[in-house]
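In: Below is the sequence, then the predicted model.
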Amino acid sequence: MTTATQHHNPDAVIDPDAVVGHPKRPFKRYFRETGWRHLVGIAMSIFAAFPLLYVFSASLNPGGTLVTANSLFSNFSFQSYVDLFNRPQQPYAAWFGNTLLIGGISSLGTVFLGALAAYAFSRMRFIGRRVGLLTLLLVQMFPQLLAVVAIFLLLSGISEIFPAIGLNSQIGLIMVYLGGALGVNTYLMYGFFNTVPSSIDEAAKIDGAGHARIFFTIILRLVAPILAVVGLLSFVGTTSEFVIASIVLIDPDKQTLAVGLYQFVSQEFSRNWSIFAAGAVLAAIPVMTLFLFLQKYIVGGLTAGSVK
């Protein structure tokens, strides 16, 4: 067998270590370059997963206290999940549906209003444009509690004229959430809109397209990543909001999960942390599902939005 035949023999086994250009790295070099990152990632994963495991273990412990849940998964029972849906005075299923409804509408409205404002600040030139951008950031510096009294008095007055959007109405709560839509999210979308070349708008204007047509048919498709990011952030913030929801919504059948779950642990002599943990585990499912569905947009949307 000649040398050429040996070189082209398909049955010949090639040693990876003998390939020129791909030498095996020593362990010290591997650990110094990339290995330490794996250790940090594993440590952070354990740090983030432990509270979740603890809450899930507490939900499977029918004892009703957190002290008995210190031993992870010492007891295993789904009775807390069954009792969660068998309490007429604490309608968890209604809270769950209300949270999805209010969170979904609020996030969609926030994305739409924020996109309109971001497009105006990015593409149009008008008096007060820079002052308006700074005002959006300055308003976010004040805590939400400062507006609670004003919101309560406003909705209380509206209830006397138009009860459908006043106190104890989900529409009124949604309108309150949408009132704070033009904030940091708008500034985040503004940075992403600036990454879209303005030459696209100019080419569309030459073809006779106006601002509305450019916005709805061209720009929105190009900025889909940041829309997904803002929608996710808005949904998470709305579903976990407690202060305003507890003031606006009075009827138990209209309350959200954040307000309703508090009832399980608010009474000193009837606290049931097991049912509370079971409700918290189920409440995290929509957020986790939405996060996994929009995961491919999150990193791209945030990084591109930071480029001016």
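Out: Yep, it's here.
In: so what does the helix ranked longest in the chain touch, helix or strand wise?
Out: Longest helix in the chain by number of residues (criterion: DSSP state H): helix 92-123. On a contact count with 3 or more CB pairs under 8 Å, 6 or more residues apart in numbering; DSSP states H and E, helix 92-123 meets helix 129-139, helix 170-179, helix 184-193, helix 224-239, helix 257-261, helix 273-293. To be clear about C-beta, it is placed using only N, CA and C from the backbone, and glycine gets the same treatment.
In: buried residues in stretch 177-186?
Out: 177, 178, 180, 181, 182, 185, 186 (16 or more other CB atoms under 10 Å).
In: And the contacts of it?
Out: 102, 106, 109-110, 113-114, 117-118, 121, 136-137, 139-140, 230, 233-234, 238, 241, 244 (CB atoms under 8 Å, 6 or more residues apart in numbering).
In: From start to finish, how long is it in a straight line?
Out: 14 Å (CA to CA, to the nearest Å).
In: Tell me how far it lies from the chain's centre.
Out: 15 Å (CA atoms, centre = their mean, to the nearest Å).
In: again, but for stretch 256-272
Out: 24 Å.
In: in that stretch, what's buried?
Out: For stretch 256-272, by 16+ other CB under 10 Å, it's 256, 257, 258, 259, 260, 261, 263, 264, 272.
In: mind putting these in JSON lines, pLDDT and distance to residue 42 included?
Out: Shown next, in JSON lines, are these (pLDDT from 0 to 100; distance: CB to CB, whole Å):
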{"residue": "256", "pLDDT": "94", "distance to residue 42": "36"}
{"residue": "257", "pLDDT": "93", "distance to residue 42": "32"}
{"residue": "258", "pLDDT": "92", "distance to residue 42": "32"}
{"residue": "259", "pLDDT": "93", "distance to residue 42": "37"}
{"residue": "260", "pLDDT": "92", "distance to residue 42": "37"}
{"residue": "261", "pLDDT": "91", "distance to residue 42": "32"}
{"residue": "263", "pLDDT": "87", "distance to residue 42": "39"}
{"residue": "264", "pLDDT": "86", "distance to residue 42": "35"}
{"residue": "272", "pLDDT": "81", "distance to residue 42": "35"}
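In: Greatest separation within these: which pair is it?
Out: Greatest spatial distance among the buried residues of stretch 256-272 (CB to CB): 256 and 272, at 19.4 Å.
In: Buried among the contacts of stretch 177-186? Need that as a selection in PyMOL.
Out: Here is the PyMOL selection string for the buried members of the contacts of stretch 177-186, based on 16+ other CB under 10 Å:
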select buried, resi 102+106+109+110+113+114+117+118+121+136+230+233+234+238+241+244
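In: Check the gap between the closest residue to residue 123 other than its chain neighbours and residue 209 for me.
Out: Residue nearest to residue 123 in three dimensions, not counting chain neighbours: residue 201, with 6.3 Å by CB to CB, 6 or more residues apart in numbering. Relative to residue 209, residue 201 is positioned 9 Å away (CB to CB, to the nearest Å).
In: Look at the two and report which has more neighbours.
Out: Counting neighbours by other CB atoms under 10 Å for residue 201 and for residue 209 shows that residue 201 has the greater number, 19 against 15.
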